[in-house]
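Provided below are the primary sequence and the corresponding predicted coordinates.
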Amino acid sequence: MICKICNQDNNSIFTAKILNKYDVDYYHCSQCYFLQTEEPYWLEESYKESINLSDTGIMLRNISLSHITTIIVFFFYNRKKKFLDYAGGYGILTRMLRDVGLDFYWKDKFSKNLLARGFEYSSNNSFELVTPLKHLSILRILWKKLKAC
């Protein structure tokens, strides 16, 4: 398998079960240290539920992100404006931020809004800030890998 980051040959280093039913090979690049799986034929099935049952840190992450986001908004943005939690999952962070008085809205095309119902994204609104926090954590990891190449 070829590395998706630096196009070097990868070595298969282990196999693990995904979704409790698929044995998937993992490949490691010795050049940039990127870890990838074989082609992800299971992705559509994996997105049927936006939160994995094994995600035991979901509430703690959202509590931390709500504190950090609140501080950033209060010091650097007009807190009277509207804000959007893009890729907001079940609406946990949106609800927490609304609970501290920020006018946050939710958008996620892969998830059901369970906790921020009534505060869904509308194209009629403009937003002071969009927080794609779920995606930023993934991009931060990817950026470190890219810099290493």
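Perfect, I can see it now.

run a quick neighbour tally on S111.
18 (other CB atoms under 10 Å). Backbone N, C-alpha and C define where each C-beta goes, glycine included.

that one reaches G88, doesn't it?
Yes - counting by CB atoms under 8 Å, S111 does reach G88; the two are 7.2 Å apart.

from Y105, how far off is S122?
7 Å (CB to CB, to the nearest Å).

also G89?
Distance of G89 to Y105, given as CB to CB: 14 Å.

try D85
D85 is 7 Å from Y105, by CB to CB.

more crowded one of the two?
More crowded of D85 and Y105, by other CB under 10 Å: D85, with 31 against 23.

so that one is in which element?
Using DSSP states H and E, D85 sits within strand 82-86.

give me the common contacts of D85 and Y105.
Residues touching both D85 and Y105 by CB atoms under 8 Å, 6 or more residues apart in numbering: T94, A116.

so L60 sits in a helix?
Yes - according to DSSP: H, G, I helix; E, B strand; the rest coil, L60 belongs to a helix.

what about it, distance to V100?
17 Å.
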